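> turn this into a structure:
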Amino acid sequence: MNRTVAIGCGCLAALAVVGGIIGLFLVTGYNNLVKGSAGVDTAWAQVQTQYQRRADLIPNLVHIVEGAANFEKSTLTDVVNARASATKITIDPSKAPSDPQQLAQFQKLQDSLSTSLGRLLAVSERYPELKANNNFRDLQVQIEGTENRIAVARGDFNKAAQTYNVQVRSLPTALYAGIFGFQAKPFFQAASGAEAAPSVSFPSFSPSATPK
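Got it, this is the predicted structure:
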């Protein structure tokens, strides 16, 4: 009888050890998922900040360009409309999107704004009064810097999302990640590489100053 009790106690102890190990793996894995998800959210917030900064600069640029005699109105209208469309779609700035289609639509509108903005700045080079305007030149520099920040922020977001996605899809985390609501995150996509933002051409600057 005592031997039976001893064996039973030994089995319970073994089960407790195994259960403890499994619990430790679960807790560690869960904490890593939380950390990874928070990293993606932080990177996403930076992306949103830079896009918002660009959106805030554009009205000042439009105001200055409107004052140029006989400026191409269609080019200016394209920028205004593209900005309105890009700012219309809203994604929680504190939480990275998990819907690939939502991010793709967001990126499409932002890229369209980049294209329209680049065209406006290129056309502006034909107007001496704009090239001589200090405020206009300052805005060129600020927009160029913002495009570079956008490129960096998008690259950082993709890296954070990749690291997090590896955690979500790796065993044994993959067995329970979905249960706790952790899903893989989509990436920014670009023809020249996922980390690259659409370039904006600044003809008045040297080639080395043009965003890649």
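> low-confidence ranges, this structure, go.
Within the chain, the segments meeting pLDDT under 70 span 1-26, 190-212.
> let's see 90
Applying pLDDT under 90 to the chain flags residues 1-31, 66-73, 89-90, 94, 125-126, 128-129, 131-132, 171-180, 189-212.
> tell me the secondary structure for the closest residue to I91 other than its chain neighbours?
Spatially, and ignoring its direct neighbours in sequence, I91 is nearest to P97 (5.3 Å; CB to CB, 6 or more residues apart in numbering). The way it works is simple: take the backbone N, C-alpha and C, and place the C-beta from them, glycine included. Secondary structure state of P97, per DSSP: H, G, I helix; E, B strand; the rest coil, is coil.
> phi first, then psi, for P97.
Per-residue torsions, P97: phi -70, psi 150 (degrees, to the nearest 10).
> burial count for it?
Neighbours of P97 under the rule other CB atoms under 10 Å: 17.
> what sits against it?
44, 91, 103, 106, 185-186 (CB atoms under 8 Å, 6 or more residues apart in numbering).
> list the contacts for L117?
54, 58, 79, 82, 143, 200.
> please, where are all the helices along this protein?
Along the chain, the segments classed as helices by DSSP state H run 2-66, 73-88, 100-124, 128-131, 134-169.
> out of these, which is closest to G178?
Proximity to G178 (CB to CB) singles out helix 134-169 among the helices of the chain, at 8.3 Å.
> circling back to that earlier point, show me which of the contacts of L117 is closest to R169.
R54 (33.3 Å).
> circling back: tabulate the contacts of L117 (a markdown table), appending neighbour count.
Formatted as a markdown table, the contacts of L117 follow (neighbours: other CB atoms under 10 Å):
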| residue | neighbour count |
| --- | --- |
| R54 | 22 |
| I58 | 21 |
| V79 | 21 |
| A82 | 22 |
| I143 | 23 |
| V200 | 25 |
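> for I179, which of the helices of the chain is the nearest?
helix 2-66 (10.1 Å).
> check contacts around the closest residue to G29 other than its chain neighbours.
Leaving out its chain neighbours, the residue that sits closest to G29 by CB to CB, 6+ apart is T173, at 4.5 Å. T173 makes contacts with 29, 32-33, 167, as judged by CB under 8 Å, 6+ apart.
> for those residues, which PyMOL command selects only the ones that are buried?
Those of those that count as buried under 16 or more other CB atoms under 10 Å are selected in PyMOL with:
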select buried, resi 29+33+167
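> widest-spaced pair of the contacts of T173?
The largest separation in those, counting by CB to CB, is between G29 and Q167 at 7.9 Å.
> can you tell which of the helices of the chain is closest to G181?
Nearest to G181, of those and by CB to CB, is helix 2-66 at 9.4 Å.
> is R137 in contact with S124, as I believe?
No. R137 lies out of contact with S124 (CB atoms under 8 Å); the separation is 10.3 Å.
> which one's more surrounded, the two?
S124 (25 against 13).
> where do the contact lists of R137 and S124 overlap?
By CB under 8 Å, 6+ apart, R137 and S124 have these common neighbours: K131.
> the residue nearest to P93 when sequence neighbours are not counted: neighbouring residues, count only.
Distances taken as CB to CB, 6+ apart place Q48 nearest to P93, at 4.0 Å, with adjacent residues excluded. Counted by other CB under 10 Å, the residues lying close to Q48 total 18.
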